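A.B. asks: no sequence on hand, only this structure:
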Ligand SMILES: Cc1cc2nc3c(=O)[nH]c(=O)nc-3n(C[C@H](O)[C@H](O)[C@H](O)COP(=O)(O)O)c2cc1C
Ligand SMILES: Nc1ncnc2c1ncn2[C@@H]1O[C@H](COP(=O)(O)OP(=O)(O)OP(=O)(O)O)[C@@H](O)[C@H]1O
């Protein structure tokens, strides 16, 4: 999959094109429906599939203090899109100028002399200045052309009368409902990070841990203990982890740690992926070290049970 960043680069692509339009944070199951449709349509129209999205969220310009946390890091998003056989992702740099582009202009740039076979979007897609462009606007505007407009019905969250959305998934993660996040994303919630040195106390407690700084741009589950999976050097391991600042000890900082089962290699400096499968309990300030150790043994048992059941 190739990445492009401007309408000029888009114009260089002479193949027939099928676009999928949206923000696509998280590539949740609703997004996957739209993307699969675009890939399928591209195949039958002998065209290339192009995801049209933004480098950053529009709120980075409109309300920087309200920018939502991300559900997927860009490198991970690109791996997912490649695995879905997408040909290109166009990530438009987010600028005040881009936000002023009207729906009419935006459609014109995307479609005029661009050799477009089809445009795919979900029923709730909006675009252009003030979000005035929507599926019926696109249908109407492209009516006189031979560009197919494929509007996908919204995939609902099964427990709610709402469509799956990045917003609902962010809420689930922030409330520790990791099972909901997994169901709606179609994969466990995860982030990538570099293993840093901790206090090297874990091994003396019988629970050595990988320590990661929390990626500031990402949605972070609440402080507490989790059943985790961790990918190290391409291999997945089970584990039990903690997000928090270890209130039992002094001079700590907010981080994520995972005790990886059946693993004893030194991986400082390596990039790993941590998945959050289920929330187990909140963090506790223990008065005695032995109470923390006993509790971690209980947590380990619980995590093992959860991870063998999923
Ligand atoms: C499963 C698990 C549960 C934990 N629960 C707590 C807790 O409730 N309270 C706390 O202060 N620290 C908790 N921790 C963090 C430990 O205090 C920490 O892993 C230990 O002090 C080692 O730190 P280090 O990696 O910096 O050496 C937990 C860690 C794990 C792996
Ligand atoms: N549940 C869904 N089912 C089908 N298509 C969807 C669903 N949710 C979004 N889409 C479509 O996928 C594309 C990308 O969606 P987008 O990221 O803009 O919205 P979202 O997931 O609802 O996020 P937010 O919660 O931020 O509004 C759009 O074309 C949108 O209409």
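C.D. replies: That came through, no problem. As the structure is a computational prediction, the values presented were derived from the model and not from experiment. Ligands and ions are numbered 1, 2, ... in the order given.
A.B. asks: hey, where'd the strands end up in this protein?
C.D. replies: Assigned by DSSP state E, the strands in the chain fall at 2-4, 17-21, 48-54, 88-92, 116-122, 148-152, 189-196, 210-212, 224-232, 235-244, 255-260, 271-281.
A.B. asks: could you dump these to TSV with mean neighbour count and mean pLDDT?
C.D. replies: C-beta here means a position set from N, CA and C on the backbone, and glycine is covered the same way. TSV is the format used below for these (neighbours: other C-beta atoms under 10 Å; pLDDT from 0 to 100):
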stretch	mean neighbour count	mean pLDDT
strand 2-4	14	98
strand 17-21	26	98
strand 48-54	23	97
strand 88-92	20	97
strand 116-122	23	98
strand 148-152	17	98
strand 189-196	19	96
strand 210-212	23	96
strand 224-232	22	98
strand 235-244	20	98
strand 255-260	22	97
strand 271-281	20	97
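A.B. asks: would CSV of those strands with distance to ligand 2 be doable?
C.D. replies: Shown next, in CSV, are those (distance: least, C-beta to the nearest ligand atom, whole Å):
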stretch, distance to ligand 2
strand 2-4, 18
strand 17-21, 5
strand 48-54, 8
strand 88-92, 13
strand 116-122, 2
strand 148-152, 5
strand 189-196, 15
strand 210-212, 26
strand 224-232, 24
strand 235-244, 24
strand 255-260, 25
strand 271-281, 20
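A.B. asks: could I get those strands as JSON lines with distance to residue 65?
C.D. replies: JSON lines is the format used below for the strands of the chain (distance: least, C-beta to C-beta, whole Å):
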{"stretch": "strand 2-4", "distance to residue 65": "29"}
{"stretch": "strand 17-21", "distance to residue 65": "27"}
{"stretch": "strand 48-54", "distance to residue 65": "18"}
{"stretch": "strand 88-92", "distance to residue 65": "23"}
{"stretch": "strand 116-122", "distance to residue 65": "28"}
{"stretch": "strand 148-152", "distance to residue 65": "33"}
{"stretch": "strand 189-196", "distance to residue 65": "22"}
{"stretch": "strand 210-212", "distance to residue 65": "26"}
{"stretch": "strand 224-232", "distance to residue 65": "26"}
{"stretch": "strand 235-244", "distance to residue 65": "23"}
{"stretch": "strand 255-260", "distance to residue 65": "24"}
{"stretch": "strand 271-281", "distance to residue 65": "26"}
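A.B. asks: residue 300 contacts residue 259, correct?
C.D. replies: Yes: counting by C-beta atoms under 8 Å, residue 259 is a contact partner of residue 300 at 7.1 Å.
A.B. asks: what sits in contact with each of those two?
C.D. replies: Here residue 300 and residue 259 share the contacting residues 207, 240, scored by C-beta atoms under 8 Å, 6 or more residues apart in numbering.
A.B. asks: pLDDT weak spots in the stretch 101-250 of the chain?
C.D. replies: 160 (pLDDT under 70).
A.B. asks: where exactly do the helices run in it?
C.D. replies: 103-111, 135-142, 166-174, 178-185, 202-205 (DSSP state H, counting those that start in this stretch).
A.B. asks: please work out which of those is packed deepest.
C.D. replies: helix 178-185 (a mean of 22; mean count of other C-beta atoms under 10 Å).
A.B. asks: neighbours around the nearest residue to residue 85 once chain neighbours are set aside, how many?
C.D. replies: Using C-beta to C-beta, 6 or more residues apart in numbering and skipping residues adjacent in sequence, the residue nearest residue 85 is residue 39, 5.2 Å away. Residues contacting residue 39 under the criterion other C-beta atoms under 10 Å number 20.
A.B. asks: is the closest residue in space to residue 191 that isn't next to it in sequence bridged to anything, and to what?
C.D. replies: Once flanking residues are discounted, residue 191 sits nearest to residue 218: 4.9 Å by C-beta to C-beta, 6+ apart. Residues in a beta bridge with residue 218, per DSSP bridges, are residue 70.
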